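1. Structure, please.
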Amino acid sequence: MIPIQDLLNRIKWDEDFGQGSFEIGYYDRVDEKIIIVPFQQIEFKEGDHFSFIVTGSFDEMVSIPFHRVRQVFKEGQLIWERPSTKN
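-> Numbering: from 1, shown residues only. Coordinates of the predicted model:
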């Protein structure tokens, strides 16, 4: 399985692969569910190799560690999913 940082970089920098609509599903510890956000709402801070920023409504910004990303969708199709650690 490709590491999530590599996949996100490919979406961002590979012009052919990055065409289309992408969504990221991350685990929200407060709501205890996966939150799906459009890739356009994600910002990467230069030099930060551990997290990214999700911009929400009302200019709210939330820092999400890469290890909380659970799913990636392209055109509504699941293309990446973190294996479950639960038995």
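
2. for Glu43, what are its contacts?
-> Contact partners of Glu43, counting by Cβ atoms under 8 Å, 6 or more residues apart in numbering, are 52-55, 61. Bear in mind the C-beta positions are built from the backbone N, C-alpha and C, glycine included.

3. switch to 10 Å and redo it
-> 52-55, 61, 63 (Cβ atoms under 10 Å, 6 or more residues apart in numbering).

4. Give me the below-cutoff pLDDT ranges for this protein.
-> Residues of the chain that meet the criterion pLDDT under 70 lie in 57-59, 85-87.

5. what about the strands in it?
-> For the chain, the strands defined by DSSP state E occupy 22-28, 33-38, 42-43, 51-55, 61-65, 69-74, 77-81.

6. Which residue lies nearest the spatial centre of the chain?
-> Ile24 (3.7 Å; Cα atoms, centre = their mean).

7. beta partners of it?
-> Counting by DSSP bridges, Ile24 is bridged to Val37, Val72.

8. pretty sure it is touching Leu8, no?
-> Yes: contact criterion Cβ atoms under 10 Å: Ile24 and Leu8 qualify, at 7.8 Å.

9. list the residues that contact both of the two?
-> By Cβ under 10 Å, 6+ apart, the residues touching both Ile24 and Leu8 are 39, 42, 52, 69, 72, 80.
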